[in-house]
Every structure is written in C-alpha cells, then in structure tokens.
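Undergrad: Sequence and computational prediction follow.
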Amino acid sequence: MRRVMTVCVLAVCAVSCRGMEEAAPTPSPSATTSSCAGQGAIRWTGYTSEHTLIAVSPVVEVAEDDGPVAFPLLHVREVVPRLDASEPVPAERIFKSLEKREGQDLARPGTTSAAQERQGFQDVDHDGAGQFASALAVRRIEADFTFDCVGTTKVHGHVTTWHSGGGASLQRGYTRGSSQWSRWTRQAYDLACGGAASSRSTA
C-alpha cells in the first residue's frame with residue numbers, strides 16, 4: 001500500500017473528465033543516428049522543469065476507520081519524450097547530459113508518462129473522515145541544447161521528457177485558492193469540480 005500525504009485541502013467534486021492527449025510523435029531521425037560520434041560539448045538553454053497533472057480521481061467518501069482507500073485514476077494528459085535536432089546527434093549522450101542537470105533519471109523516447117498510470121488507482125490512507133480525491137503528476141522537462149560536433153557546424157535541438165512527480169490528496173469542503181496550492185493541484189480541482197461524491201471504496 002502506498003501512503004500519500006495530504007498536501008492541500010480544497011473543495012473538489014468528481015466528474016469523469018479527460019484532457020486533450022498529446023499525440024505520440026514520429027521519432028526524429030536525429031534521435032536514432034549520429035554524425036557526432038559522441039564528441040563535442042553540450043550546452044543547455046531555455047530550461048524548464050515543472051510538475052504536470054496526468055491523472056485525477058473522482059471524489060470518494062471516506063470513513064475514519066476505512067484504512068487505505070483505492071482511488072480510481074482518470075487520465076488527463078500524456079507527456080511524450082522526444083528529441084529533435086538540426087543534425088543527427090548521439091541521443092543517449094544528450095539525455096545523460098540532461099539527467100546530470102536535473103539530478104534525476106529521465107524517460108527516453110518510447111516511455112510516456114502513461115507508465116505512471118498503469119496500476120489504474122492510488123491507495124491512500126487518510127487520518128480522518130471526509131470526501132477526498134486523488135491526483136497524480138510527473139515532472140515535465142523541456143530544454144534547448146547546442147551540440148558542438150567536432151569538425152562540423154553547431155547542432156541545435158530540443159528535448160522533452162519527464163520523471164516521477166508525486167501525488168496529492170484533495171479534500172472536499174475547503175476553499176480553493178490557498179497559498180499551499182500549486183498550479184497542477186489547482187488544475188486537478190478545476191477538472192474535477194462539478195459532480196457528486198462517489199460511493200465509498202476501500203482497498
């Protein structure tokens with residue numbers, strides 16, 4: 001059983017909602033072949049790293065003595081890793097350089113954020129009774145790079161990838177807008193608002 005700490009409290013109502021999925025791109029030739037042979041310096045610019053909501057559950061009625069509760073996850077969006085460049089580059093070296101900057105293992109092309117949703121639900125053990133929803137996020141990374149290939153002109157490119165971002169437990173009946181809220185937890189509220197609580201579900 002996985003325990004997720006309640007990071008905020010807010011008014012949440014359940015609806016079965018889906019966001020727009022990002023279409024899986026055709027792999028770029030630059031990510032699969034290399035004219036640089038792994039040589040040359042890599043410089044990063046335009047770097048962003050932020051939590052991105054990928055799934056949210058309906059609201060579930062929880063009793064104080066329920067123990068761990070299963071929250072079914074509804075898909076919101078998918079982060080699709082990709083590497084694009086003006087010339088072929090050594091993809092693995094590019095990703096390892098970005099991992100060093102981020103300090104985390106990063107997903108490669110072919111492993112989308114949907115991998116985080118495979119279980120289909122989150123088990124949460126709450127400390128009290130109420131109506132709760134659960135949300136799941138990943139950390140989305142976007143960055144531009146310049147690769148100084150030896151004996152060639154500079155190669156310019158862009159990487160999109162992700163790594164695990166965590167979850168949030170949201171309680172119905174509190175005011176949205178607290179300073180504790182992050183952008184992705186606010187979005188979880190906005191997507192879930194409008195329905196009634198579902199029946200109780202315990203793991």
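TA: Happy to help now that I have it.

Undergrad: so what does whichever helix or strand residue 161 is part of touch, helix or strand wise?
TA: In this assignment (DSSP states H and E), residue 161 forms part of strand 155-171. Counting contacts by 3 or more CB pairs under 8 Å, 6 or more residues apart in numbering; DSSP states H and E, strand 155-171 packs against strand 42-56, strand 82-85, helix 91-102, strand 130-147, helix 183-192. Every residue, glycine included, has its C-beta placed from N, CA and C.

Undergrad: Output that strand as CSV, nothing but the C-alphas.
TA: Provided in CSV are the C-alpha atoms of strand 155-171 (Å, rounded to 0.1, in the frame of the first residue of the first chain):
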residue,chain,number,x,y,z
VAL,A,155,23.9,21.4,-34.0
HIS,A,156,20.8,22.9,-32.3
GLY,A,157,18.0,20.8,-30.8
HIS,A,158,15.2,20.4,-28.2
VAL,A,159,14.3,17.7,-25.7
THR,A,160,11.0,16.9,-24.0
THR,A,161,11.0,14.3,-21.2
TRP,A,162,9.7,13.5,-17.7
HIS,A,163,10.4,11.8,-14.4
SER,A,164,8.2,10.9,-11.4
GLY,A,165,6.5,13.9,-9.8
GLY,A,166,4.3,12.6,-6.9
GLY,A,167,0.7,12.7,-5.9
ALA,A,168,-1.7,14.8,-3.9
SER,A,169,-4.8,14.1,-1.7
LEU,A,170,-7.5,16.7,-2.0
GLN,A,171,-10.3,17.1,0.5
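
Undergrad: coming back round to it: dump the helices and strands packed on strand 155-171 into a markdown table; add mean pLDDT as well.
TA: Putting the helices and strands packed on strand 155-171 into a markdown table (pLDDT from 0 to 100) gives the following:
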| stretch | mean pLDDT |
| --- | --- |
| strand 42-56 | 94 |
| strand 82-85 | 97 |
| helix 91-102 | 95 |
| strand 130-147 | 92 |
| helix 183-192 | 82 |
